[in-house]
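**Q** the following block contains a protein sequence and its predicted model.
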Amino acid sequence: MVLKPFLKPKSIALFGSMSEERNFGAGIIVRDLLAWHYPGNIYPVHPTASSVYGLKVLRKIDEIPSIPELAVIITSFRQVLPIINECGKKGIKSVVVVSDGFGEAGPEGKERERELVKLAQSYGIRIMGPNTIGVFNAADRVTTVPYDRGYPYQKVGGLSIVTQTGMYGPQAMAWHEFPPGINKVIDLGNMCDVDETDCLSYLTADEGTKVISLYMEHTRRPRDFLAAAREATMKKPILCLKPGKSTAAARAMASHTGSLAGNDALYRTVLNQAGVVTVEDYEDLRDLATPFLTFTLPRGNRLGILTFSGAIGIQCIDLAHEMGIQIASLTPLSLQKLSSLHETLRNHPIDVGPASALVGTGIFALFKACYDILREDETVDVIYINTYVSPVVKPFYYEEILEYMAAFREKPTVLWCYGPAGELVQEFGYLAGKYGLPFFSTTRKALLALSTMIKYARYRQGK
């Protein structure tokens, strides 16, 4: 497959600065590959450097004893074509061009990019980029990211992101703080050759990828993309952020990656036909993927609400209506169970706020019992839970409940928390993530995550 040498190369040649003092360059990649215990051979190439992080630096490509499966170029654009020519003579067939100064850099840059593609094609070389960070493959311990990200990363998750911006790379996102973990990030940059369709085909067959998130400025192969997306969405969800609605945004994209903006409405129609769920915010490609990584798909769109605040329950009703989510009508048995728990519990949404002032620490047992009622009620498909923390109601008081909830994966459940101390809210969010429960910064974002799951589930069900 086209992507395999980029994502699972048996050997990598690196061209660029080998300085150990800088926070950008080929030396950073060498360091990170070694720290990850990359299983293949690493060949640093530089005309004057002698060693980098204990590895001998080769003066020229001819000194490499075998043919590397992947080359990564991190130099001035002026050196890129000569290096591509040497790679071609060596027999290298896959190259990540990190260097900028190509299609995004005006008419002269576009001409350089055409020359790059023409030269690469003459040798049968596939290009990722230019103007890219390449790949960050946690599953297979491969990185071509030339930036110092500032944190170690060892976790492997189920989310893979295909993007035309480095803003989803580990130097721009704190993936070590993302509880489910990342699998792969593939930055296509200017996308002069390897494109999102190639990536979808690879990730559809990739067992480690459970959710695909896609930042797409344009596609060069709309029919092939539609076919690949349709095949993918029958196996796993795709979330897509498609910028360029306005004329001004379309112009900005042209200077970002040289993208040619198409009709935005047409793009969205095509994405909808393929079962791709469109999102609107940068963080959504990460945040809205979270419930997919934790729960099975919902059977329907009926929402159960458990809250410490009646006002939040009311807000949930409005937001659910806005997003096409139905408020569940609990069964008579569930309502009877609620009233037997406490005299203040008679309705849905379930508001434990009044009871909390009366039962003291017994609120946690009451809260768990209310959760069980929603979990067991056949009229509830998805659940929203709101909690409260303070210097008195400490986050760790909820830990037993969170661990208990984590054992049930049949009904997608999202959480939001409020309180007078932001650090305590963050601590609760950390505990939720520790047990694999999706925690969101707002109620709107939490319900949006459920709405996203419901849309995809309906597509899979043929509705």
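**A** Structure's in. What do you need?

**Q** for Asp148, give me its contacts.
**A** Contact analysis of Asp148 by CB atoms under 8 Å, 6 or more residues apart in numbering lists Asn23, Phe24, Ile28, Gln171. (Glycine included, C-beta is placed from N, CA and C.)

**Q** list the contacts for the closest residue to the last one other than its chain neighbours?
**A** Closest residue to Gln171 in three dimensions, ignoring its sequence neighbours and counting by CB to CB, 6 or more residues apart in numbering: Tyr147, at 3.6 Å. If a contact means CB under 8 Å, 6+ apart, then Tyr147 has Asn23, Phe24, Ile28, Ile133, Gly169, Gln171 as its contacts.

**Q** can you pull out the low-pLDDT segments for the stretch 251-400 of the chain?
**A** Applying pLDDT under 70 to the stretch 251-400 of the chain picks out residues 251-262.

**Q** spatially central residue in this protein, please.
**A** Arg286 (3.9 Å; CA atoms, centre = their mean).

**Q** my guess is that residue contacts Glu177, does it?
**A** No: using CB atoms under 8 Å, Arg286 is not in contact with Glu177; the gap is 10.5 Å.

**Q** what's the nearest residue to the residue nearest to the centre of the chain if we skip its chain neighbours?
**A** What sits nearest to Arg286 in space, not counting adjacent residues and going by CB to CB, 6+ apart, is Phe178, at 6.4 Å.

**Q** from memory that neighbour sits against Leu285, does it?
**A** No: counting by CB under 8 Å, Phe178 does not reach Leu285; the two are 11.4 Å apart.

**Q** who has more neighbours out of the two?
**A** For Phe178 versus Leu285, neighbours defined as other CB atoms under 10 Å are more numerous around Leu285 (23 against 18).

**Q** against which helices or strands is the helix or strand hosting that one packed?
**A** Taking DSSP states H and E as the criterion, Leu285 maps to helix 284-287. Under the contact definition 3 or more CB pairs under 8 Å, 6 or more residues apart in numbering; DSSP states H and E, helix 284-287 sits against strand 159-163, strand 211-215, strand 238-241, helix 443-460.

**Q** could you dump these into a markdown table with mean neighbour count, distance to Gly109 and mean pLDDT added?
**A** Supplementary listing: the helices and strands packed on helix 284-287 in a markdown table, determined by neighbours: other CB atoms under 10 Å; distance: least, CB to CB, whole Å; pLDDT from 0 to 100:
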| stretch | mean neighbour count | distance to Gly109 | mean pLDDT |
| --- | --- | --- | --- |
| strand 159-163 | 26 | 20 | 98 |
| strand 211-215 | 25 | 22 | 98 |
| strand 238-241 | 23 | 25 | 97 |
| helix 443-460 | 21 | 37 | 97 |
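
**Q** quick revisit: ok, what's across the strand from the residue nearest to Gln171?
**A** Phe24 (DSSP bridges).

**Q** just Val45 next, same as before
**A** Assessed by DSSP bridges, Val45 has beta-bridge partners Phe15, Leu58.

**Q** that one: neighbour count?
**A** 24.

**Q** that one and Val30 touch, don't they?
**A** No: judged on CB under 8 Å, Val45 makes no contact with Val30 at a distance of 11.0 Å.

**Q** between the two, which contacts overlap?
**A** Counting by CB under 8 Å, 6+ apart, the common neighbours of Val45 and Val30 are Leu14.

**Q** what residues are up against Leu306?
**A** The contact partners of Leu306, taken as CB under 8 Å, 6+ apart, are Pro349, Ile350, Val352, Phe367, Cys370, Tyr371, Leu374, Ile383, Tyr384, Ile385, Asn386.

**Q** what about 6 Å?
**A** Applying CB atoms under 6 Å, 6 or more residues apart in numbering, we find Leu306 in contact with Ile350, Cys370, Ile385.

**Q** now do Lys368
**A** By CB under 6 Å, 6+ apart, Lys368 lies in contact with Ile401.

**Q** tell me which element the residue of the chain positioned farthest from its centre is part of?
**A** The outermost residue of the chain, judged against the average C-alpha position, is Glu343 (44.2 Å), by CA atoms, centre = their mean. Element membership for Glu343 (DSSP H and E) is empty, with no helix or strand holding it.

**Q** next, Glu415: phi, psi?
**A** For the record, residue 415 is Leu, not Glu. With angles defined as degrees, to the nearest 10, Leu415 sits at phi -130, psi 150.

**Q** fine by me, thanks again.
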